[in-house]
Every structure is written in structure tokens, then in C-alpha cells.
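Chemist: Structure of the sequence below:
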Amino acid sequence: MKKIIRTVLLLTLLTGLKASAQTYEVPKDYHFKRHEDYIKYETEIIKAADWLMRTPWGTEPVKTEAANQFILQWAQGTPDVVIELKQAIMDISDTNPQLGFIYMSQFCKYAIQHKTGFNKALANLAALKAVIEKYNMEPAHKRDNDVEKLIDIDKDGKLDYWINNEFTFN
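Modeler: As a prediction, this is how the structure comes out:
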């Protein structure tokens, strides 16, 4: 009986995840010309960031690319969010480029949700923790020594110190 209940719960959960992934639609015909245009799409940036986190790599490549480009265009032009692309960020996304978009989208999400009292170190922390989470949950990831070092730093409870003082994989 317990096996049946577990199976039903698992199927319900998986169906729910699939349904939520299918209901997300990347905005079309968006334009970023004025400051108001960026503000108008902030909730869509959060939705895209969340969708990228929960969607396995390779399952919806066209939608993933569209979401990545939407976030990239928004991030490159918005005057409200400035992402410093440090070498460490490049290092964690060289083997698995998708992690660079996870970092960027989660940094943007944090910045949108914490406009008052924004803290760049906390935005980096949230984005890097998301990278670790996605790397660990993504069966299609390629092994990456830099991400594994990042995971070890986090396991040692030193991720915030590393961000504030080193932010490099020397």
C-alpha cells in the first residue's frame, strides 16, 4: 500500500513539474528602448529565471535559447542591474555554458526582488548558490573542477567569505 501511495505522489509531482514547465512562455516582440520598458518586464525576468532553474537541459532547446536571449538583452541594457563578469563566473560556465545563464538570471532575479537595500555580495551569493543547485540537480552536466571547488567552498560554509575576499579560483 505504501508503494502505491509513493508512486501516486511521485507521478503527481512529476506531472506538476512538467505542466509548470509547459505553461511558461517567453515574451515575444519585446523592446527595450526606455527605462520603463525594462521595469515592465521585471516579472517576466523572474519567471524566466525560475523556468531555467527547473527545466532540465536539452528538454526544450528552442524555448531555453529564447529565454536566455530575453534575459541577456534585458541584463545588458537595464540601468538598474549591473552584473560584473568576473573571471570566476567565466570559469564556472566554460564547461557548462548553461550555468552562465543560470548565474545571470538569478543575479537579475535577486536584484529585482531586493531593490531597496540591494547588496551585490548577497546577489552574487544567491546566483552562485543557484549555480551549485542547478549543477547538482542536472544529470546532463559535464564535470567541472571549478564548480566542484565552488561546491566545496559552500560546503565549508565559506562561500560568502570567498565572494567578499577572493572571488577567484587561483
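Chemist: can we go C-alpha only for contacts and neighbour counts from here?
Modeler: OK.
Chemist: so where is the chain shaky, pLDDT-wise?
Modeler: Under the criterion pLDDT under 70, the flagged ranges of the chain are 1-22, 170.
Chemist: How are the strands of it distributed by residue range?
Modeler: In the chain, no strands are defined using DSSP state E.
Chemist: Contacts only, for the residue most central in space within it.
Modeler: Nearest to the geometric centre of the chain sits residue 102, at 2.7 Å (C-alpha atoms, centre = their mean). The contact partners of residue 102, by C-alpha atoms under 8 Å, 6 or more residues apart in numbering, come to 49, 52, 53, 127, 130, 131, 134.
Chemist: so which of those residues is the most crowded?
Modeler: Neighbour counts for the contacts of residue 102 (other C-alpha atoms under 10 Å) peak at residue 131, which has 26 neighbours.
Chemist: My guess is that residue contacts residue 103. True?
Modeler: Yes. Between residue 131 and residue 103 there is a contact at 6.0 Å, judged by C-alpha atoms under 8 Å.
Chemist: Do a quick rundown of the helices in this protein.
Modeler: 2-23, 35-40, 42-54, 61-77, 87-92, 98-113, 120-137, 145-155, 159-165 (DSSP state H).
Chemist: which one of the ones you listed lies closest to residue 29?
Modeler: Among the helices of the chain, the nearest to residue 29 by C-alpha to C-alpha is helix 61-77 (10.2 Å).
Chemist: Most tightly packed of the helices of the chain?
Modeler: Neighbour counts (mean count of other C-alpha atoms under 10 Å) averaged over each of these peak at helix 98-113, with a mean of 24.
Chemist: Next, the angle from that helix to helix 42-54.
Modeler: When axes from the mean of the first three to the mean of the last three C-alpha atoms, to 10 degrees is applied, the directions of helix 98-113 and helix 42-54 differ by 140 degrees.
Chemist: export helix 98-113 as CSV, just CAs?
Modeler: Coordinates of each C-alpha in helix 98-113 appear next as CSV, following Å, rounded to 0.1, in the frame of the first residue of the first chain:
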residue,chain,number,x,y,z
GLN,A,98,24.2,27.0,-19.3
LEU,A,99,25.5,27.8,-15.8
GLY,A,100,26.4,31.3,-17.0
PHE,A,101,22.8,31.9,-17.8
ILE,A,102,21.7,30.5,-14.5
TYR,A,103,24.1,32.9,-12.7
MET,A,104,23.0,35.9,-14.8
SER,A,105,19.2,35.1,-14.4
GLN,A,106,19.4,34.5,-10.7
PHE,A,107,21.5,37.6,-10.1
CYS,A,108,18.9,39.7,-12.0
LYS,A,109,16.1,38.0,-10.1
TYR,A,110,17.8,38.8,-6.8
ALA,A,111,18.3,42.5,-7.9
ILE,A,112,14.7,42.9,-8.9
GLN,A,113,13.4,41.4,-5.7
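Chemist: Great, nothing more from me.
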